[in-house]
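**Student:** Provided below for reference: sequence and predicted model.
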Amino acid sequence: MSRSALACAPERPFAALAEHLIGLRRAARMPQRALADVAAISRTAVQRAESGIAAPSPSVLDAYVQACRARPEDLSRARLLRRFGRIAQRGRLRLLSAPSPALIHSADDLGLALAAMYERDGAPSLRELSRRVPHRPPLPVTSMWRFVHRKGLPASSEQLVTYLMACGISPTEQRLYVRAYQRIVAGRGERPGPPRTARPDELAHYTDKISPTYRSLMDRMSAVDVETALTVGVAYVYAEQSQRNGVAPITDQQLFRTARRLFGADTRPAQLKAVPTTASPGGDTPP
């Protein structure tokens, strides 16, 4: 990269790429219009690529270089300079202090690393990223969006490897990242789920969809009482739906019969085992 390109980098993040492309075009002794005709792109696209202000799309860049009959190494350099320009233009990589694979010990660490490798690759479009590994099962664009924005981790080692390959990570580094991923997954697996007799404070994470008033109430309840309340509530919703087209009100027997059908005799709380067996006004008897 020339000194002039470095000086103009903040205003023209693709100045080095523009300089390289202009040199290739002049070496081929082609004016802009002739190059546009040979490359089957517009003259505006050629001028834009040579401006140093904006990045040409990958397809335009390849067509430009091939129209100049340049060497493969010239194309590789053009792609590299485009990537450097994208990194400078976005300015996000310097904000991501991602640890090396050996120092990744948490989901946050791995999330930083996945976001950083995307930025280091020049932040290509997610659809372009998904097309880079056609021989592997496709990785959904929505999944990649979550990775690059640190909203989630791959669902499996296979997904991780696909993402790493798309970002240009070498096989040796891929193995290191897979080991880090497996360490994190193993650490999650070692934490047991809450038992059925969990303390009230252990049930708090189940109530994050409930209003603060009910959350506070349920956090003070025992595990059995919480399960009973949820069982009866869910049963009531199902019973109400089943009676929506009728005129008879929902009876206690209908409610508990639905609860038993939903949860079974072995899993329902103790409070539901002592259910009245008398017939309901509508003629229904519990099973």
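**Tutor:** Now that the structure is in, tell me what you want to look at. As the structure is a prediction and not an experimental result, all values here were calculated from the model.

**Student:** The stretch 101-250 of the chain: helices as residue ranges?
**Tutor:** 107-120, 126-131, 141-148, 157-166, 171-189, 212-219, 223-242 (DSSP state H, counting those that start in this stretch).

**Student:** With mean neighbour count and distance to Arg12 as extra columns, can I get those in CSV?
**Tutor:** For the C-beta atoms, the positions are set from N, CA and C on the backbone; glycine is no exception. Formatted as CSV, these follow (neighbours: other CB atoms under 10 Å; distance: least, CB to CB, whole Å):
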stretch, mean neighbour count, distance to Arg12
helix 107-120, 20, 20
helix 126-131, 15, 23
helix 141-148, 17, 26
helix 157-166, 20, 28
helix 171-189, 14, 32
helix 212-219, 13, 53
helix 223-242, 16, 61
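
**Student:** Would you mind telling me which of those is nearest Gln47?
**Tutor:** With CB to CB, the closest approach to Gln47 among the helices of the stretch 101-250 of the chain belongs to helix 126-131: 23.3 Å.

**Student:** any low-confidence regions in this structure?
**Tutor:** Counting by pLDDT under 70, the ranges of the chain that qualify are 1-10, 189-216, 218, 222-224, 226-227, 234-287.

**Student:** so which of the helices of the stretch 101-250 of the chain comes closest to Val46?
**Tutor:** Val46 lies closest, by CB to CB, to one member of the helices of the stretch 101-250 of the chain: helix 126-131, at 21.3 Å.

**Student:** what about the helices of the stretch 101-250 of the chain, which gets the closest to Leu21?
**Tutor:** That would be, of the helices of the stretch 101-250 of the chain and by CB to CB, helix 126-131, which comes in at 20.0 Å.

**Student:** outside of that closest one, which residues touch it?
**Tutor:** 58, 118, 138-141, 144-145, 148, 166-167 (CB atoms under 8 Å, 6 or more residues apart in numbering).

**Student:** Select, from the residues you listed, the two members most distant in space.
**Tutor:** For the contacts of helix 126-131, and using CB to CB, no pair is farther apart than Pro58 and Pro140, which are 21.1 Å apart.

**Student:** who has more neighbours, these two?
**Tutor:** With other CB atoms under 10 Å as the criterion, Pro58 and Pro140 differ in neighbour count, and Pro58 comes out ahead with 14 against 11.

**Student:** Now the more buried one: closest residue in space, sequence neighbours ignored.
**Tutor:** The shortest distance from Pro58 to any non-neighbouring residue, by CB to CB, 6 or more residues apart in numbering, is to Glu128 (6.6 Å).

**Student:** what's the spacing between the one you found and Arg83?
**Tutor:** To Arg83, Glu128 is 12 Å away according to CB to CB, to the nearest Å.

**Student:** what do you get for Leu103?
**Tutor:** With CB to CB as the criterion, Leu103 and Arg83 are 25 Å apart.

**Student:** Please apply the same query to Thr231.
**Tutor:** Taking CB to CB, one finds Thr231 at 57 Å from Arg83.

**Student:** Could you do Val232 as well?
**Tutor:** 60 Å.

**Student:** Could you do Pro58 as well?
**Tutor:** Applying CB to CB, the value for Pro58 to Arg83 is 10 Å.

**Student:** With Ala15 instead?
**Tutor:** 14 Å.

**Student:** same check, this time on Asp219
**Tutor:** Relative to Arg83, Asp219 is positioned 51 Å away (CB to CB).

**Student:** same check, this time on Gly91
**Tutor:** Noted for Gly91: a distance of 14 Å to Arg83, by CB to CB.

**Student:** Could you check which of the two is surrounded by more residues?
**Tutor:** Arg83 (18 against 11).

**Student:** Let me see the contact set for that one.
**Tutor:** 121-122.

**Student:** in the helix or strand where it lies, what counts as buried?
**Tutor:** In the assignment (DSSP states H and E), Arg83 maps to helix 72-90. Under the neighbour-count criterion of 16 or more other CB atoms under 10 Å, helix 72-90 has 74-75, 77-79, 81-89 buried.

**Student:** contact partners of stretch 113-125?
**Tutor:** For stretch 113-125, contacts defined as CB under 8 Å, 6+ apart pick out 58, 82-87, 90, 92-93, 96, 98-99, 101, 104, 129, 147-150, 153, 163-164, 167-169, 177, 180.
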